[in-house]
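> Return a 3D structure for these sequence lines:
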Amino acid sequence: MIGGHSGDGIHLTAAELIALRARCHALRLPMRQAAASALAGAYRSRFRGRGVDFLESRNYQPGDDIRNMDWRVTARTGRPHTKVFQEERERPVLVVLDAGPSLYFGTRRCLKSVAAGQLAAAIAWSAVRRGDRIGGFLFAPGRHRELRPAGGRRGAMRMIQGLVDWLEPGAAARGEVQPLSAALERVRHAVRPGSLVIVLSDFFTLDADCNRHLSRLRQHNDIIGCQVLDAAEYQLPPGRYPISDGTHAAILDTGQRDSGRRYQAMGHEHLNEPRRLFQKHQCGWMTLRTDDDPVDVLGRELRVLVGRPL
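As a prediction, the model looks like this:
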């Protein structure tokens, strides 16, 4: 039971996602810089765009954009200087949801798809509570949907309805797969610089091209990865289990020492590989299991991320 509204663990309902609102009141999403004004937007952005104001010139630092060089001050002082701009605006918070067929699996409290949807709704309530705009990129094999960022209850409710529609188990394309890099590439070309991007996935479709797209996306945005897991995916008690990829079927016998050891090794490698990739690019990271309470996990992980610059 989450937020006083219980579901069947298979289908998401708007009622259970709306009920999360009260529990998300105190959650704080991480930000690059301190709050500036509660009236005109909650954050100061270092990214240039419409409505930016010149703030100051300062000594050039490695990594500064050469296009912002202040050549007049540089010539006058003999030392390289760069212009600093500041724009006051709301920050877009974007949930990237990778809903491949493997997300519709679970052996504990609920399916991974339900846990991911509950976490995404908690992120939405937390974002709009802090004055941010919430939007999303929803992906599944052969289809995608973009929810443009919007603020307030309207933004959160649009996200909730999108999640309920998108994560309906009957809509899952069985047997089809799409590499995660295809989703990250589309996000990279569409996202507004200065956004907070939270990637929810089980990362079974992680591929080599993800490294390049994540690196580019990270240059101008804050990124948090969240791996959605079920305990059976990395550890099974001894026994014989029928398994299938949707086309072929077999029996996995974890009672045999070698089979059990190999299955556990594969599971733990799947746990570690996406975490290493995100941490390589200095992104935030968290893990959500199907027997976790998503709001508790989000609150606990955010307390760590808020105190650690992204």
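
> Check which residues of the helix of greatest length in the chain are buried.
The residue-count maximum for a helix in the chain (DSSP state H) belongs to helix 257-280. Within helix 257-280, the residues scored as buried using 16 or more other Cβ atoms under 10 Å are 259-260, 263, 267, 270, 274-275, 277-278. For glycine as for every other residue, the C-beta is placed from the backbone atoms N, C-alpha and C.

> With stretch 65-82 instead?
Under 16+ other Cβ under 10 Å, the buried positions of stretch 65-82 are 69-70, 73-74, 81-82.

> and which of those residues is nearest to Gly151?
Closest approach to Gly151 among the buried residues of stretch 65-82 (Cβ to Cβ): Thr82, at 32.1 Å.

> Quick check: that closest one is in a helix.
No - counting by DSSP: H, G, I helix; E, B strand; the rest coil, one finds Thr82 to be strand, located in no helix.

> That one contacts Arg67, doesn't it?
No - Thr82 lies out of contact with Arg67 (Cβ atoms under 8 Å); the separation is 9.3 Å.

> ok, the strand or helix carrying Leu97: who's next to it in the sheet?
Element membership for Leu97, per DSSP states H and E: strand 92-98. With DSSP bridges as the test, strand 92-98 is paired with strand 133-140 (parallel), strand 196-201 (parallel).

> then the longest one to PDB, C-alphas only?
As requested, the backbone C-alpha atoms of strand 133-140 are provided in PDB (Å, rounded to 0.1, in the frame of the first residue of the first chain):
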ATOM      1  CA  ARG A 133       8.200  22.500 -14.400                       C
ATOM      2  CA  ILE A 134       7.800  18.800 -14.900                       C
ATOM      3  CA  GLY A 135       7.900  17.000 -18.200                       C
ATOM      4  CA  GLY A 136       8.800  13.700 -19.600                       C
ATOM      5  CA  PHE A 137      10.000  11.500 -22.400                       C
ATOM      6  CA  LEU A 138       8.300   8.100 -22.500                       C
ATOM      7  CA  PHE A 139       9.800   5.400 -24.600                       C
ATOM      8  CA  ALA A 140       8.800   1.800 -25.600                       C
END
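
> Tell me the buried residues in that strand?
133-140.

> Centre of the chain to the next helix-or-strand element following it, how far?
The first helix or strand that comes after strand 133-140 along the chain, using DSSP H and E, is strand 143-151. The chain centre lies 14 Å from the centre of strand 143-151; the measure is Cα atoms, centre = their mean, to the nearest Å.

> That's all I had, so thanks and see you.
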